[in-house]
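Peer 1: could you look at this predicted model? Sequence included:
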Amino acid sequence: MPLMKKVPVIFLFNSPIASGCDYVTQTMRLVAKKHPSLGLALGDIIFLPKLFTEREPWVVRSLRGAIIIRPISVLPGVRFRWVRMATYIVYALFLSLFMGLRYFGSKRVVWFFEPFHLPPLLRIFQSYVSIYDCVDYYPGFSEAAEREHVMLMRRATYVFANSLPLLDQLKKMRKDVRAVPLGFSDRLFTTSSSTVEQSKNIFTVGFVGSISDRIDFPLLQHVVAALPRVCFVFVGAKEVGVFGRKDNVERSFDLLLKHKNVRWINGVAKERVPSVLQGIDIGIIPYREHKLFNRYSFPMKTLEYFSVGRPVVATDIVALRQYEALGLLTIARTPDAFVQAIRSLYATGWDPSHQKRQRQHAKKHTWAKKINAIVSVIQ
């Protein structure tokens, strides 16, 4: 991956290191093999005194070849934007100065994924080649996210989208946006154990991912109540108030858990995900389709379900329509249709030929292919 020999790269990201979203760590893993890489973990900011009460405190850590720096605020109230921004700016200035001295005269790259907090920081790194690796449709997240997204679309040297529907939306603002493959942990699924972690005595419908406000909880209430003999398993940590937004995730999920046929596994290590998926009969993606942030996303779990050859029932996510047309998943556009799709798969099963084609499509989306596609453009 020859990204202009030994060019140093700074990654700016909002997702906490412990988050299940591994697009940050996987990208850093591959880039750090060839280039000095530093990451500023904006989402892990902490007020200094609280650092000493953490179970596993950290300030600087090595992660897959990259050095990650955690912002430590000397001001209380990191829940307030101005406190966070003051801390981020100090750290960005320090990193810019350090990289300027350490790699004087060399081209430098700043690589980021989400718009949150980024426009002021991008000004600090304005002499860098900047890469906006856009992984979701952020204008659909909130008005604040849309404003920041628009600024980054104007200022970034390069902008990349990880699906064609997302590309179509971003091109309305900037014509030189390029599409790259969505990456997922293909190596994990080809080398993992096939141990089944669910009982096969009960027909099981599973969801693996963060329990957040992306999920259509009213839909799930209808589906779970209509299928009392089917076991529904949700594997993932609850993410409440993502990026500072208020939501009803806690209450909505608690109501769902009151059903006797619903189980919750509060997150698993990434390396266990393939074996967990081996234990389900159907994978579901019950996202709120009217929410634009979801509608133009490309859920990575789709490829994970495909890798283990599981049928998928999803709400109407634009990027998944191509797979519906190929007969590789079912898009259910109403709650009753969602119930009927599960009943139909329960009755007929899933043809091995579909499983083979699912795996073939999953192999088109690897982290290496995504990073190589980006590097080939910016060389």
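Peer 2: That came through fine.
Peer 1: quick check: next helix or strand after the lowest-mean-pLDDT helix or strand in the chain?
Peer 2: Ranked by mean pLDDT, DSSP states H and E, the weakest helix or strand in the chain is helix 186-191, scoring a mean of 68. Remark: after helix 186-191, the chain's next helix or strand is strand 204-208, criterion DSSP states H and E.
Peer 1: what's the first helix or strand after that next one?
Peer 2: Past strand 204-208, the next helix or strand by DSSP H and E is helix 217-226.
Peer 1: show me where pLDDT drops low in the protein?
Peer 2: For the chain, the stretches with pLDDT under 70 are 1-5, 19-21, 190-201, 241-246.
Peer 1: okay, now the domains of it?
Peer 2: 9-181+366-378, 186-362 (automatic domain parsing).
Peer 1: export those as CSV, with columns for mean neighbour count.
Peer 2: In this view, the C-beta of every residue, glycine as well, is placed from N, C-alpha and C. Converted to CSV, those look like this (neighbours: other Cβ atoms under 10 Å):
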stretch, mean neighbour count
domain 9-181+366-378, 18
domain 186-362, 18
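Peer 1: whichever helix or strand residue 342 is part of to strand 204-208, inter-axis angle?
Peer 2: Here residue 342, judged by DSSP H and E, is contained in helix 335-348. Relative orientation of helix 335-348 and strand 204-208, computed by axes from the mean of the first three to the mean of the last three Cα atoms, to 10 degrees: 120 degrees.
Peer 1: same for the helix or strand just after helix 335-348, what does it pack against?
Peer 2: Next along the chain after helix 335-348, taking DSSP H and E as the criterion, comes helix 352-362. Judged by 3 or more Cβ pairs under 8 Å, 6 or more residues apart in numbering; DSSP states H and E, helix 352-362 is in contact with helix 301-307.
Peer 1: I'd like the next helix or strand past the helix it packs on.
Peer 2: Heading C-terminal from helix 301-307 (DSSP H and E), you reach strand 312-314.
Peer 1: helices or strands up against that next one?
Peer 2: Packed next to strand 312-314, using 3+ Cβ pairs under 8 Å, 6+ apart, are strand 282-285, helix 301-307, strand 330-331, helix 335-348.
Peer 1: may I see the ones you listed arranged in a markdown table, with distance to residue 210 as well?
Peer 2: Listed next are those as a markdown table, based on distance: least, Cβ to Cβ, whole Å:
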| stretch | distance to residue 210 |
| --- | --- |
| strand 282-285 | 12 |
| helix 301-307 | 10 |
| strand 330-331 | 21 |
| helix 335-348 | 20 |
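Peer 1: for residue 44, which of the ones you listed is the nearest?
Peer 2: helix 301-307 (23.9 Å; Cβ to Cβ).
Peer 1: what angle separates the helix holding residue 342 from helix 217-226?
Peer 2: Computed by the same axes, to 10 degrees, the angle between helix 335-348 and helix 217-226 is 40 degrees.
Peer 1: and helix 335-348, what other elements does it pack with?
Peer 2: Using 3+ Cβ pairs under 8 Å, 6+ apart, helix 335-348 is in contact with helix 217-226, strand 312-314.
Peer 1: the most far-flung residue of the chain relative to its centre: what secondary structure?
Peer 2: When distances are taken from the C-alpha mean of the chain, residue 105 lies farthest, 34.7 Å away, according to Cα atoms, centre = their mean. Per DSSP: H, G, I helix; E, B strand; the rest coil, the secondary structure class of residue 105 is coil.
Peer 1: nearest residue to residue 367 in space, please, no chain neighbours.
Peer 2: Leaving aside its sequence neighbours, residue 367 sits nearest to residue 183 (Cβ to Cβ, 6 or more residues apart in numbering; 3.9 Å).
Peer 1: what of residue 252?
Peer 2: Nearest to residue 252 is residue 217, by Cβ to Cβ, 6+ apart, at 3.8 Å.
Peer 1: what's the following helix or strand after the helix or strand containing residue 154?
Peer 2: Assessed by DSSP H and E, residue 154 sits inside helix 143-155. Past helix 143-155, further along toward the C-terminus, the next helix or strand under DSSP H and E is strand 158-161.
Peer 1: can you list contacts of that next one?
Peer 2: Contacts with strand 158-161, where a contact means Cβ atoms under 8 Å, 6 or more residues apart in numbering, come from 129-134, 152-153, 167, 170, 174, 176-180, 373-374, 377-378.
Peer 1: what sits against the nearest residue to residue 180 once chain neighbours are set aside?
Peer 2: Nearest residue to residue 180 in three dimensions, chain neighbours excluded: residue 373, at 4.1 Å (Cβ to Cβ, 6+ apart). The neighbours of residue 373, taking Cβ under 8 Å, 6+ apart as the test, are 160, 178, 180-181.
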